[in-house]
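Peer 1: sequence? don't have it. structure:
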Ligand code: NDP
């Protein structure tokens, strides 16, 4: 691409499969995008590495385990030479895990690992990225959350029999609270991708990854300062906290 066109840089953890892989794929359709795709095992991420061929945008794959704090602390050193003088426009905290459990059956180690991955990881990664976000004009942090983190919706989910993901729901509710606290200097949004056919969402889900992501990217790119602190669905509707 022409060196006179400033690239828009994105950092996305959890891109080996699922929604993160599809976000990366769609972003690479635009020559203006520079995507730094984080994954736990870059050498094993065949689908992700396969996106390099035919990509119009620029893809850099980095090792990033959001449950490993040393891995997060290594991010500035990894992304500084990739970004050069351009700032980081978007951080999409997408990596996540979830298992079925209930408050009465949950395993404390699974609980801590889920919090580490879904809640603490995004906080630390946002901290690590702030110097780069501050250099960009967009300054957008998107925390990929879930409607299952909506305390206001918990009774409805229990009623529907979908309340059996306790640790996951708690980790996303905590991530949502973080959003409310961190939004001053950046455009920070909690975004639920909808119920998507991935390894996590499984085949009974409503949405194909492509359909969810095309909408996610609209919401994310159109988001303005006034949207900071909002809890939104993939089509931009407000979700009750
Ligand atoms: P998948 O299980 O399909 O993919 C999860 C991705 O996260 C994988 O790339 C996985 O990498 C990565 N990941 C997991 N743990 C870590 C870690 N410690 N460090 C780095 N990467 C990690 O899930 P989805 O794509 O469906 O989910 C993406 C996000 O969307 C999650 O935050 C999830 O909570 C959220 N979400 C999904 C919904 C759905 O219906 N699918 C609904 C609501 C929210 P690896 O291959 O190495 O395991």
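Peer 2: On my side now, so go ahead. What you see is a predicted model; the values in this text were computed from it and never measured.

Peer 1: burial of residue 81, as a residue count?
Peer 2: Residues within reach of residue 81, counting by other CB atoms under 10 Å, total 8. Quick note: C-beta positions are derived from backbone N, CA and C, even for glycine.

Peer 1: Can you say which helix or strand has it in it?
Peer 2: Secondary structure from DSSP states H and E places residue 81 in helix 75-83.

Peer 1: The helix or strand that that helix is followed by near the ligand at all?
Peer 2: Downstream of helix 75-83, the first helix or strand assigned by DSSP H and E is strand 90-93. No. Strand 90-93 does not reach the ligand (CB under 6 Å from any ligand atom); its nearest approach is 7.6 Å.

Peer 1: Packing partners of strand 90-93?
Peer 2: strand 8-13, helix 121-135, strand 140-144 (3 or more CB pairs under 8 Å, 6 or more residues apart in numbering; DSSP states H and E).

Peer 1: tell me the angle the second one makes with strand 140-144.
Peer 2: Inter-element angle recorded for helix 121-135 and strand 140-144: 160 degrees (by axes from the mean of the first three to the mean of the last three CA atoms, to 10 degrees).

Peer 1: which other helices and strands contact helix 121-135?
Peer 2: So helix 121-135, by 3+ CB pairs under 8 Å, 6+ apart, packs with strand 8-13, helix 69-73, helix 75-83, strand 90-93, strand 140-144, helix 166-182.

Peer 1: so of these, which one's packed in deepest?
Peer 2: strand 90-93 (a mean of 28; mean count of other CB atoms under 10 Å).

Peer 1: need the helices and strands packed on helix 121-135 in CSV with distance to residue 226, can you?
Peer 2: Formatted as CSV, the helices and strands packed on helix 121-135 follow (distance: least, CB to CB, whole Å):
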stretch, distance to residue 226
strand 8-13, 21
helix 69-73, 30
helix 75-83, 27
strand 90-93, 18
strand 140-144, 13
helix 166-182, 15
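
Peer 1: got those as CSV, with distance to residue 117 and mean pLDDT columns?
Peer 2: What follows is the helices and strands packed on helix 121-135, written out as CSV (distance: least, CB to CB, whole Å; pLDDT from 0 to 100):
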stretch, distance to residue 117, mean pLDDT
strand 8-13, 10, 98
helix 69-73, 11, 98
helix 75-83, 16, 98
strand 90-93, 11, 98
strand 140-144, 12, 97
helix 166-182, 8, 91
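
Peer 1: what about the ones you listed, which gets the closest to residue 199?
Peer 2: helix 166-182 (13.8 Å; CB to CB).
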